[in-house]
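Engineer: Pasting a predicted model and its sequence here:
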Amino acid sequence: MCIAPVNRKPRGFTLLEIMLAVGILALMSVAIYRFVQSNILALRISSDAAAADGKYDSLRDLLTAQLQSLPAGSGALSGEPLKLNDKSRDELRWTSGAGLGVLTRYAPTDFTVAMRLQPNRKDTSRFDLGLLRKPKDDLAFTDLHESWVPLVDNVRSMEIRYFDSRLNVWVTRWSDTVTLPKLVRVTVERTDATVPWEAIIPLGRTPL
C-alpha cells in the first residue's frame, strides 16, 4: 500500500518573530550610533585639549626667550601682585627689543611689555591672557600707542612669583632695578582643566 507524500507549504515568519527581529536591529543600531558618537566626542575633546595645551607651551617658550634675554642692572623687569574678587591677576612687566616675540620685528625702538589679564571684549566676565605693549619712550598717559597681543583666552587667574636667591624665598613683588630674580614662576588657573598650568622660567640660561 503506497502512501502519497504530503505537500507541506513553506512556513512564513509570524508577526511576533518579525517584531522581535526589528527590535533587535533597532537596539543594535542605537548601540552602534552611541559608540560612534562617543568616539567622535572623545576625539573632539582630545583635539581641543591638545590645541589648548599648545597655547600654553607657546607661552612658556615666549616667556623663556624674552626673560632670558633681559640685561641685569637696568630695571628691565618688574612685577606687581594684583587681586580682583579674591582672584590673582598679577602683572609682569619687562623691556623688550624689537623682535618676533612681541610681534615688533621692524619696530624702531624698544617696547615696554606687560603680561596681564584683561576682560574679554565679547564677554566681560571672562579674562584673556596677553601682552600689552607700548613704545618705551612713549610717555603719554593715553593708550593711543598701546597694542594688545592675545595669547590665551578664557582663564580664571594668574599668579606670578619671583625667586630671590639672596633671601632664598619666593616673593610676590619685584622692584629691584639692579638684580634680576633667579626664577620666575607663572601659575595660570584654567577654565578647561582642573589642574592649574605652571611654568618656572630660569632667567639665566642653563648651560648644556
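Structural biologist: Noted; the coordinates are in hand. Predicted model, so just to flag it, every value in this text is computed and none were measured.
Engineer: show me where the protein has strands.
Structural biologist: Under the criterion DSSP state E, strands of the chain are mapped to 77-80, 83-84, 87-88, 91-96, 111-119, 127-135, 147-164, 169-171, 183-190, 197-202.
Engineer: who's in contact with the residue nearest to Ser147 when sequence neighbours are not counted?
Structural biologist: Excluding the flanking residues, the one nearest Ser147 by CB to CB, 6 or more residues apart in numbering is Arg133, at 5.6 Å. Any C-beta I mention is one placed from the backbone N, CA and C, and that applies to glycine too. Arg133 makes contacts with 96, 102, 104, 111-114, 146-147, 149, as judged by CB atoms under 8 Å, 6 or more residues apart in numbering.
Engineer: Show me the beta-bridge partners of Arg185.
Structural biologist: Arg161, Ile200 (DSSP bridges).
Engineer: how far away is it from Leu63?
Structural biologist: Arg185 is 11 Å from Leu63, where distance means CB to CB, to the nearest Å.
Engineer: what does Leu15 give?
Structural biologist: Counting by CB to CB, the gap from Leu15 to Leu63 is 72 Å.
Engineer: Can you tell me what sits against stretch 111-125?
Structural biologist: Outside stretch 111-125, the residues that reach it (CB under 8 Å, 6+ apart) are 63, 66, 89, 91-98, 102, 104, 126-136, 148, 153-155, 157-158.
Engineer: which of those count as buried?
Structural biologist: Burial by neighbour count, 16 or more other CB atoms under 10 Å: within the contacts of stretch 111-125 this picks out 63, 66, 89, 91-96, 102, 104, 127-135, 153, 155, 157-158.
Engineer: Out of the helices and strands in this structure, which is least certain?
Structural biologist: Ranked by mean pLDDT, DSSP states H and E, the weakest helix or strand in the chain is helix 15-67, scoring a mean of 79.
Engineer: now for it, which elements pack on it?
Structural biologist: Judged by 3 or more CB pairs under 8 Å, 6 or more residues apart in numbering; DSSP states H and E, helix 15-67 is in contact with strand 91-96, strand 147-164, strand 183-190, strand 197-202.
Engineer: With distance to Ala76 and mean pLDDT as extra columns, can I get the ones you listed in CSV?
Structural biologist: Output for those, formatted as CSV (distance: least, CB to CB, whole Å; pLDDT from 0 to 100):
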stretch, distance to Ala76, mean pLDDT
strand 91-96, 5, 89
strand 147-164, 13, 91
strand 183-190, 12, 94
strand 197-202, 14, 93
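Engineer: Out of those, which gets nearest to Phe35?
Structural biologist: Between Phe35 and the helices and strands packed on helix 15-67, the shortest separation by CB to CB is 30.1 Å, and it involves strand 183-190.
Engineer: ok and that closest one relative to strand 111-119, angle-wise?
Structural biologist: Strand 183-190 and strand 111-119 are oriented at 30 degrees to each other (axes from the mean of the first three to the mean of the last three CA atoms, to 10 degrees).
Engineer: export the contacts of Arg133 to JSON lines and tack on distance to Ala31?
Structural biologist: As requested, those are exported to JSON lines (distance: CB to CB, whole Å):
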{"residue": "Ser96", "distance to Ala31": "57"}
{"residue": "Val102", "distance to Ala31": "53"}
{"residue": "Thr104", "distance to Ala31": "56"}
{"residue": "Phe111", "distance to Ala31": "59"}
{"residue": "Thr112", "distance to Ala31": "60"}
{"residue": "Val113", "distance to Ala31": "55"}
{"residue": "Ala114", "distance to Ala31": "54"}
{"residue": "Glu146", "distance to Ala31": "57"}
{"residue": "Ser147", "distance to Ala31": "54"}
{"residue": "Val149", "distance to Ala31": "49"}
